[in-house]
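Q: Quick check, what structure comes out for this input:
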Amino acid sequence: MSYLAGVKKEDLRSLCEDLGLTITSKMSVLDLKNLIINDTKYNEEFTREHLKGIIQHRKSDYEQKLREIESERAFELEKLRLSQPQQSATTHGLVDKLDSFDNMKVGWQKKSQLLENRNKIWVKSASSTAEHENTVSSRNQQFSWKPFPRINNRGYATKPQENRPPVKCYGCGTSGFIRAKCPNCIAEPKTESSRFEFLEASSCFVTTASVSTVYLRINGIFGKACADTGSSHSIAGETLYTLLKDEGAKFRNRTMCISLADGQRSTEDVLITTVTLEIEGRKFDQELIALPNAKRNRTLLGIDFLKKSGIMLDLRNQQWFFC
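A: Model (predicted):
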């Protein structure tokens with residue numbers, strides 16, 4: 001039975017499966033070997049040849065995967081090599097443009113110098129300068145300088161500038177502001193939804209511990225709700241229930257057994273509706289349970305909301321994030 005020594009466990013498992021032997025995931029190499037040998041239908045010659053075929057097939061699969069990896073690597077290298085000439089050509093084109101710009105800049109500088117020196121008279125020596133000054137003075141004595149008259153007679157009459165109306169907001173009519181910067185029509189304040197905010201202690205009925213809240217939109221209504229890991233279902237608070245009812249949301253009547261945190265259970269008539277929740281750009285449908293007889297209760301986002309949205313709560317650092 002020496003041909004079974006040194007054989008990998010995965011090959012022995014494949015051999016057992018081909019021979020129709022029942023194996024478990026906890027069986028060791030020695031257990032698999034004994035199972036093969038002690039089989040009533042065991043044939044050493046057949047088993048040896050079949051095992052060689054299994055090992056050869058596994059090695060050929062491994063070599064095929066290596067060839068595929070090498071082929072992909074060669075393809076990526078060829079793509080990288082072909083992309084380099086394009087980058088160099090783009091660089092050379094940019095250099096040519098910069099050179100032509102420098103040449104144009106030099107031409108502009110020379111032209112500006114010529115315009116500045118156009119009215120200057122250049123002489124070779126001091127004697128020539130003196131002769132030139134004498135000539136200019138004699139010419140000034142012969143001619144009288146008079147200012148050139150301006151022509152103010154235009155063919156059209158100037159129109160007086162009309163008084164423009166003052167700037168005002170087209171949303172509310174506040175003067176001095178445009179619509180985008182009007183203090184009365186500014187958009188809803190930006191929220192830091194990646195941080196928790198704490199409700200005041202008076203808003204909680206039983207405990208004074210801080211409650212984590214997140215900002216979101218429910219059917220387009222902006223607000224905040226409590227992330228409650230102890231609630232199996234999401235509950236619509238009194239305010240949200242009133243807003244949804246005013247918006248025409250459809251509710252379904254149902255009777256449910258409600259279990260509170262203190263262990264008390266009661267059977268009550270509830271209303272169930274499906275809303276669209278939007279948080280940080282992600283939208284999904286969520287069922288909310290409304291308690292018509294509850295007063296001043298908050299909107300709770302339970303375990304069903306946390307699972308569907310994929311939100312993870314980091315209570316220690318007072319943060320939440322998408323997993």
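Q: For the chain, which segments are assigned as helices?
A: 9-19, 29-37, 44-116, 126-142, 238-246, 303-309 (DSSP state H).
Q: Quickly, which of these bottoms out on average pLDDT?
A: Ranked by mean pLDDT, those bottom out at helix 126-142, with a mean of 58.
Q: Contact partners for the closest residue to residue 172 other than its chain neighbours?
A: Distances taken as Cβ to Cβ, 6 or more residues apart in numbering place residue 184 nearest to residue 172, at 4.9 Å, with adjacent residues excluded. From N, CA and C alone the C-beta is placed, and that goes for glycine too. Residue 184 makes contact with 169, 171-172, 174, according to Cβ atoms under 8 Å, 6 or more residues apart in numbering.
Q: quick one: which of the residues you listed has the most company?
A: Neighbour count (other Cβ atoms under 10 Å) singles out residue 169 as the most crowded of the contacts of residue 184, with 18 neighbours.
Q: So what angle separates the directions of the longest strand belonging to the chain and helix 238-246?
A: Ranked by number of residues, the top strand in the chain under DSSP state E is strand 265-279. Between strand 265-279 and helix 238-246, the angle comes out at 70 degrees (axes from the mean of the first three to the mean of the last three Cα atoms, to 10 degrees).
Q: Strand 265-279: partners in the sheet, and parallel or antiparallel?
A: strand 212-218 (antiparallel), strand 252-259 (antiparallel), strand 282-290 (antiparallel) (DSSP bridges).
Q: out of these, deepest packed?
A: Most buried of the strands paired with strand 265-279, by mean neighbour count (mean count of other Cβ atoms under 10 Å): strand 212-218, with a mean of 20.
Q: for the record, mean pLDDT for that strand?
A: Mean predicted confidence for strand 212-218 is 85.
Q: Output that strand as PDB - backbone C-alpha positions only.
A: Taking C-alpha atoms only, strand 212-218 is exported to PDB below (Å, rounded to 0.1, in the frame of the first residue of the first chain):
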ATOM      1  CA  SER A 212     -28.400  58.300  18.600                       C
ATOM      2  CA  THR A 213     -30.300  60.000  15.700                       C
ATOM      3  CA  VAL A 214     -29.600  60.200  12.000                       C
ATOM      4  CA  TYR A 215     -30.900  62.600   9.400                       C
ATOM      5  CA  LEU A 216     -32.800  61.200   6.400                       C
ATOM      6  CA  ARG A 217     -35.800  61.800   4.100                       C
ATOM      7  CA  ILE A 218     -39.000  59.800   4.300                       C
END
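Q: before we move on, back to that, what mean pLDDT does the longest strand of the chain get?
A: Averaged over strand 265-279, pLDDT sits at 90.
Q: Okay, buried residues for it please.
A: The neighbour-count check on strand 265-279 (16 or more other Cβ atoms under 10 Å) flags 270-273, 275, 277, 279 as buried.
Q: how far away is the residue nearest to residue 315 when sequence neighbours are not counted from residue 318?
A: Sequence neighbours aside, residue 212 is the residue nearest to residue 315 in space, at 7.0 Å (criterion: Cβ to Cβ, 6+ apart). In this view, residue 212 and residue 318 are 7 Å apart by Cβ to Cβ, to the nearest Å.
Q: Likewise for residue 70?
A: For residue 70, the distance to residue 318 - Cβ to Cβ - is 51 Å.
Q: neighbour count winner among those two?
A: With neighbours defined as other Cβ under 10 Å, residue 70 and residue 318 compare such that residue 318 has more, 13 against 10.
Q: related to what we said a few turns ago, what's in contact with the longest strand of the chain?
A: So strand 265-279 is contacted by 193, 214-220, 236, 241, 244, 249-260, 283-293, 305, 309, 311 (Cβ under 8 Å, 6+ apart).
Q: could you redo the last one with a cut-off of 6 Å?
A: Residues outside strand 265-279 that contact it (Cβ atoms under 6 Å, 6 or more residues apart in numbering) are 216-219, 249, 251-252, 254-259, 283, 285-291.
Q: With stretch 289-298 instead?
A: 226, 233, 235-238, 241, 270-272.
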